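In: For reference, the sequence and a predicted model appear below.
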Amino acid sequence: MSDADMNKTSDPEEVRKEFWESLADSPFVMLALDNDRKHSIPMRAQLDKDANSAIWFYTSRDNRLARGGPAMMQFVAKGHDLFACVSGNLTEETREEIIDKHWNKAAESWYEEGRQDPSLLMLRMDLGDAEIWEADPGVVGIFKMMTGITMKGDEMGDHAKVAL
């Protein structure tokens with residue numbers, strides 16, 4: 001399927017909205033530094049409904065993401081009906097109020113000394129742009145997939161290139 005086939009979408013704003021809802025429902029992503037040639041790492045995103053241009057991650061100071069810089073994040077929704085690749089920039093979050101705001105029992109379980117652990121590092125990903133695909137093939141698309149008839153990109157669902 002070519003990019004030309006996939007660039008058809010009915011409403012980029014609706015695709016963006018679906019992305020945020022799906023990410024809130026299952027905040028698990030794969031994250032890597034751009035141009036690092038190392039595999040992505042599974043991470044749990046810390047979301048803030050009032051900050052649509054950033055996502056936070058707890059990690060440790062010895063994690064390969066700790067140095068920050070340009071990054072890519074991949075996401076697949078629970079039902080495999082939405083896929084996203086998001087660019088951004090990782091930097092250390094130093095604001096105590098943000099670190100405390102997102103702190104929870106799940107995060108605490110990773111650090112021997114809890115919130116005061118010296119290895120604790122919070123990274124903020126300032127979001128750039130994203131490509132988001134909604135997979136909803138409809139009746140015609142499902143029929144074509146089951147019978148081996150060639151699919152067109154717009155028969156699989158919406159696709160949008162959006163700024164986050």
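Out: Yep, it's here. Numbering: from 1, shown residues only.
In: how many other residues sit next to residue 36?
Out: Per other Cβ atoms under 10 Å, the neighbour tally for residue 36 reads 15. Placement of C-beta: from N, CA and C, glycine included.
In: Surely it is in a helix?
Out: No - with DSSP: H, G, I helix; E, B strand; the rest coil as the criterion, residue 36 is assigned coil and is not in a helix.
In: where's it relative to residue 15, distance?
Out: Residue 36 sits 28 Å away from residue 15, going by Cβ to Cβ, to the nearest Å.
In: for residue 70, same thing?
Out: According to Cβ to Cβ, residue 70 and residue 15 sit 23 Å apart.
In: Kindly report the same for residue 55.
Out: In this view, residue 55 and residue 15 are 18 Å apart by Cβ to Cβ.
In: and the longest helix anywhere in the chain, which residues are buried?
Out: Scanning the chain for the longest helix, with DSSP state H as the assignment, gives helix 12-25. Neighbour-count burial for helix 12-25, counted by 16 or more other Cβ atoms under 10 Å, picks out 15-16, 18-19, 22-23.
In: The longest strand anywhere in the chain relative to helix 12-25, how many degrees between them?
Out: Assignment by DSSP state E gives strand 120-134 as the longest strand of the chain. The directions of strand 120-134 and helix 12-25 differ by 130 degrees, with axes from the mean of the first three to the mean of the last three Cα atoms, to 10 degrees as the criterion.
In: so what does strand 120-134 touch, helix or strand wise?
Out: Helices and strands touching strand 120-134, by 3 or more Cβ pairs under 8 Å, 6 or more residues apart in numbering; DSSP states H and E, are helix 12-25, strand 54-60, strand 82-92, helix 96-102, strand 159-163.
In: mind giving me a markdown table with those and columns for mean pLDDT and distance to residue 76?
Out: Formatted as a markdown table, the helices and strands packed on strand 120-134 follow (pLDDT from 0 to 100; distance: least, Cβ to Cβ, whole Å):
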| stretch | mean pLDDT | distance to residue 76 |
| --- | --- | --- |
| helix 12-25 | 90 | 9 |
| strand 54-60 | 97 | 16 |
| strand 82-92 | 96 | 6 |
| helix 96-102 | 95 | 22 |
| strand 159-163 | 66 | 15 |
